[in-house]
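show me how the following folds:
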Amino acid sequence: MTSTPAIRVLVCDDHPMFREGVRGLIAAAPDLELAGEADAGDIAVELARATMPDVVLMDLQMPNLNGVEATRAITQTNPDAAVLMLTMFDDDSSVFAAMRAGARGYVLKGAGPEELLLAIQAAAHGEAIFSQQIARRLIDYFANLRPPTTPPPAFPQLTSREREVLTLVAQGHRNADIARGLFISTKTVTNHITNILNKLQVADRTQAILRARDAGLA
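Residues are numbered from 1 along each chain as shown. Prediction:
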């Protein structure tokens, strides 16, 4: 029985103590393997190209080359690498900049070891992973991007002119007034009203007015 290859992780952060903590976490996990460490963005890009890791833990605030730019360079060279952004900040602009650069996840540095471990494993298996705070922000952001839904026009079976005539009828205008306002003949108005009654399946003008007012046309 062949064993599953270990997930190779490249750790990119300019704080030695943080790298040490992550290094210990990786060493204690049987399915993880340290691919390398980088303390600057340009070094991270070079190491990623040389080691071809499965997962890259990338600090957002890296010297020489920031984490977003380094992520963009890494994913262009190795699109299979799952980059997880690490930061102390959870601002929306950083989240979306990282996503546009190709990051598959975003985890706050305050996350516990178990959350970070699960994030690495999930990213390695192709999942997008975000902290709870970030996930809520993403949901709110994309919900706000949805265009406002325009309700369908009342009585879609009517033409725009018929709907216009019906609105004026519901407002109490007489046929002659409608004809003058629309610059059409009274006979044309009468024809429109006949078509409206047939399409709305109502018996008379009064019922048409009630239907129109119920639909808010008046």
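
tell me the secondary structure at residue 140.
helix (DSSP: H, G, I helix; E, B strand; the rest coil).

quick one, strands of this structure?
7-12, 32-38, 55-59, 82-87, 105-108, 129-130 (DSSP state E).

the longest one: which residues count as buried?
By neighbour count, with 16 or more other CB atoms under 10 Å as the criterion, the buried positions of strand 32-38 are 32, 34, 35, 36, 37, 38. All C-beta atoms are positioned from the backbone trio N, CA, C, and that covers glycine.

mind putting the residues you listed in a markdown table, pLDDT included?
Shown next, in a markdown table, are the buried residues of strand 32-38 (pLDDT from 0 to 100):
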| residue | pLDDT |
| --- | --- |
| 32 | 95 |
| 34 | 96 |
| 35 | 95 |
| 36 | 95 |
| 37 | 96 |
| 38 | 96 |
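
now, which of those residues sits nearest residue 157?
Nearest to residue 157 among those: residue 32, at 63.9 Å, using CB to CB.

show me the beta-bridge partners of that closest one.
Beta-bridge pairing for residue 32 (DSSP bridges): residue 7.

on that earlier part again, any chance of the strands of the chain in TSV, plus distance to residue 115?
Formatted as TSV, the strands of the chain follow (distance: least, CB to CB, whole Å):
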stretch	distance to residue 115
strand 7-12	15
strand 32-38	15
strand 55-59	13
strand 82-87	11
strand 105-108	7
strand 129-130	9
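
isn't residue 102 right up against residue 80?
No: counting by CB atoms under 8 Å, residue 102 stays clear of residue 80, with 10.9 Å between them.

can you give the domain ranges for the protein?
The chain breaks down by automatic domain parsing into domains covering 7-143, 160-214.

so for residue 102 and residue 80, which residue has more residues nearby?
residue 102 (17 against 9; other CB atoms under 10 Å).

just the helices in the protein please.
Using DSSP state H, the helices found in the chain span residues 16-28, 41-51, 67-77, 92-101, 113-124, 132-145, 160-170, 175-182, 186-200, 205-214.

lowest mean pLDDT across those, which one is that?
For the helices of the chain, mean pLDDT drops lowest on helix 132-145, to a mean of 70.

coming back round to it: closest to residue 24 out of the buried residues of strand 32-38?
Once CB to CB is applied, the member of the buried residues of strand 32-38 that ends up nearest residue 24 is residue 34, at 10.1 Å.

how about that closest one, what does it touch?
Neighbour list for residue 34: 8, 9, 11, 23, 26, 27 [criterion: CB atoms under 8 Å, 6 or more residues apart in numbering].
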